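[1] pasting the structure only:
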């Protein structure tokens, strides 16, 4: 979905401060020694849950090749990312983030780039290579196709959580794709949103609804999991049908996992025909915690964003993030990599100016081959290098 916006949120009266004094008082904790920091390892941390301890992502990520690297950190206080009006908070402090979005981080049986016997090593490398850039969030396809033939084999998910926690990264699980890509059952249309999501797709053992519920139950107490995206590029149905779907799934997931956040990845192009009214109505539903937009830039010159989108965001009292920011390569040589990186730098500065609370760059794919929007940590590409695009993001 291509978005075009050139009016800043500040110019439209959108403030990111967003929190009343009472809410801030509830979130801010008195600075004091944290007894949980003395506990090493998850078992010891879990044994002291009565002190308010929980095993969380490392504050500063580290690589599996570092012998001093711990698999996570034991810490007291609220370990989950919270939303208060237009702002995020973590451990009582404002939280803004930058990171990556990917189709491949689970290396499922569909849409895979490595052999089954190499998946664990590939995934470990993928998270290791996020550490130098200090990426804080990774969003990726987390479909039932990654959960084995029974739909509840979470081996790959568990590995992602483990590697992400060590790397200091929080995860956003995208539950399906509007076109059925890397999933089963084909295009998600009005019939699917109207009730088909409660039925089986293709050879899946569970319906979309039941899989989402099962996944949320498994990770509801896991601080590494920031939240869920219902459907990639949600659309292909009228606003009434989508509203019913979002209400049903939102209430279900928040009922199971109340500490994790929910977003829609709603297709702006499909929902903007009425001037953004339908888009605004869906994003303002109580179960939606944040607005995530996709900004795909495949032209030589990066176009401005749609002023109607930012005008609509200004009317929604929730934080907005770029869920997928993509920049097409013009070639595979070092000069093309540097040129793309500069486009990304410039665009990220605009995102920050427009009031977005974070951004995830698409498409992170270690070892990519074909020239596209994919990127990785190869030395010639500034996207993930120390001091590069993500490391120096304006958040």
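    Structure's in. What do you need? Here the structure is a predicted model, which is why all the values come from computation and not from measurement.

[2] for the stretch 1-150 of the chain, what are the low-confidence residue spans?
    Residues of the stretch 1-150 of the chain meeting the criterion pLDDT under 70: 1-32, 108-110.

[3] mind listing the strands for it?
    Remark: strands assigned in the stretch 1-150 of the chain by DSSP state E, counting those that start in this stretch are 54-56, 73-75, 82-84, 87-90, 93-94, 97-102, 137-141.

[4] Can you list the strands that the fourth one pairs with?
    It stands for strand 87-90. Sheet pairing of strand 87-90 (DSSP bridges) gives strand 82-84 (antiparallel), strand 93-94 (antiparallel).

[5] would you list these in JSON lines and tack on mean neighbour count and distance to residue 118?
    To be clear about C-beta, it is placed using only N, CA and C from the backbone, and glycine gets the same treatment. Listed next are the strands paired with strand 87-90 as JSON lines, based on neighbours: other C-beta atoms under 10 Å; distance: least, C-beta to C-beta, whole Å:
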{"stretch": "strand 82-84", "mean neighbour count": "17", "distance to residue 118": "38"}
{"stretch": "strand 93-94", "mean neighbour count": "13", "distance to residue 118": "39"}
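
[6] what would the strands of the stretch 1-150 of the chain look like in TSV with distance to residue 42?
    Shown next, in TSV, are the strands of the stretch 1-150 of the chain (distance: least, C-beta to C-beta, whole Å):
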stretch	distance to residue 42
strand 54-56	4
strand 73-75	8
strand 82-84	23
strand 87-90	19
strand 93-94	24
strand 97-102	23
strand 137-141	20
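
[7] In CSV: the strands paired with strand 87-90, plus distance to residue 252.
    Output for the strands paired with strand 87-90, formatted as CSV (distance: least, C-beta to C-beta, whole Å):
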stretch, distance to residue 252
strand 82-84, 19
strand 93-94, 30
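
[8] and stretch 311-327, how far out from the chain's middle?
    13 Å (C-alpha atoms, centre = their mean, to the nearest Å).

[9] same deal with stretch 114-133?
    18 Å.

[10] Surely residue 228 forms part of a strand?
    Yes - the assignment for residue 228 by DSSP: H, G, I helix; E, B strand; the rest coil puts it in a strand.

[11] tell me the domain ranges of this structure?
    Listed domain ranges for the chain are 10-29+88-362, 32-76 (source: automatic domain parsing).

[12] Quick check: which of the ones you listed is buried the most?
    Most buried of the domains of the chain by mean neighbour count (mean count of other C-beta atoms under 10 Å) is domain 10-29+88-362; its value is a mean of 19.

[13] Mind putting the domains of the chain into TSV with distance to residue 385?
    Below are the domains of the chain laid out as TSV (distance: least, C-beta to C-beta, whole Å):
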stretch	distance to residue 385
domain 10-29+88-362	7
domain 32-76	15
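
[14] so residue 97 touches residue 361, yeah?
    No - between residue 97 and residue 361 there is no contact under C-beta atoms under 8 Å: 11.8 Å.

[15] and residue 339, what are its phi and psi?
    Main-chain dihedrals, residue 339, degrees, to the nearest 10: phi -70, psi -40.

[16] Look up the closest residue to it, ignoring the ones flanking it.
    Nearest non-adjacent residue to residue 339, counting by C-beta to C-beta, 6 or more residues apart in numbering: residue 330, 6.4 Å away.

[17] and what of residue 343?
    Using C-beta to C-beta, 6+ apart and skipping the chain neighbours, the partner closest in space to residue 343 is residue 327 (5.0 Å).

[18] Residues in contact with stretch 196-214: which ones?
    144-145, 147, 149-152, 175-176, 180, 183-186, 188, 228, 245, 248-249, 252-253, 256 (C-beta atoms under 8 Å, 6 or more residues apart in numbering).

[19] so how far is that stretch from its chain's centroid?
    Mean-position distance between stretch 196-214 and its chain equals 22 Å (C-alpha atoms, centre = their mean).

[20] ditto for stretch 140-147
    Taking the mean of its C-alpha atoms, stretch 140-147 sits 14 Å from the chain's own mean (C-alpha atoms, centre = their mean).

[21] From the opening residue of it to its closing one, how far?
    14 Å (C-alpha to C-alpha, to the nearest Å).

[22] List the contacts of it.
    Taking C-beta under 8 Å, 6+ apart as the rule, stretch 140-147 contacts 101-111, 151, 153-154, 156-157, 160, 171-177, 182-184, 201, 204-206, 208, 211, 215, 232.

[23] one step back: select from the contacts of stretch 196-214 every entry located in helices.
    Counting by DSSP state H, the contacts of stretch 196-214 place 245, 248, 249, 252, 253, 256 in helices.

[24] any idea how far the closest residue to the second one other than its chain neighbours lies from residue 252?
    Going back to what we said before, that points to residue 248. Ranked by C-beta to C-beta, 6+ apart and with sequence neighbours excluded, the top spatial neighbour of residue 248 is residue 209, at 7.8 Å. Residue 209 is 7 Å from residue 252, where distance means C-beta to C-beta, to the nearest Å.

[25] Contact partners for residue 100?
    Here residue 100 is in contact with 130, 135, 137, 138, 139, 360, 361, 362, 364, 390 (criterion: C-beta under 8 Å, 6+ apart).

[26] residue contacts, the first one?
    If I follow you right, that is residue 130. Applying C-beta under 8 Å, 6+ apart, we find residue 130 in contact with 61, 99, 100, 138, 167, 169, 364, 377, 384.

[27] next one: the third one
    Applying C-beta under 8 Å, 6+ apart, we find residue 137 in contact with 97, 98, 99, 100, 169, 170, 171, 172, 226, 358, 360.

[28] Which of those residues sits closest to residue 45?
    Distance to residue 45 across these (C-beta to C-beta) is lowest for residue 170, with 17.4 Å.

[29] wouldn't that closest one be in contact with residue 219 here?
    No - look at residue 170 against residue 219 with C-beta under 8 Å: they stay out of range, at 11.6 Å.

[30] what is in contact with those two at once?
    residue 225.
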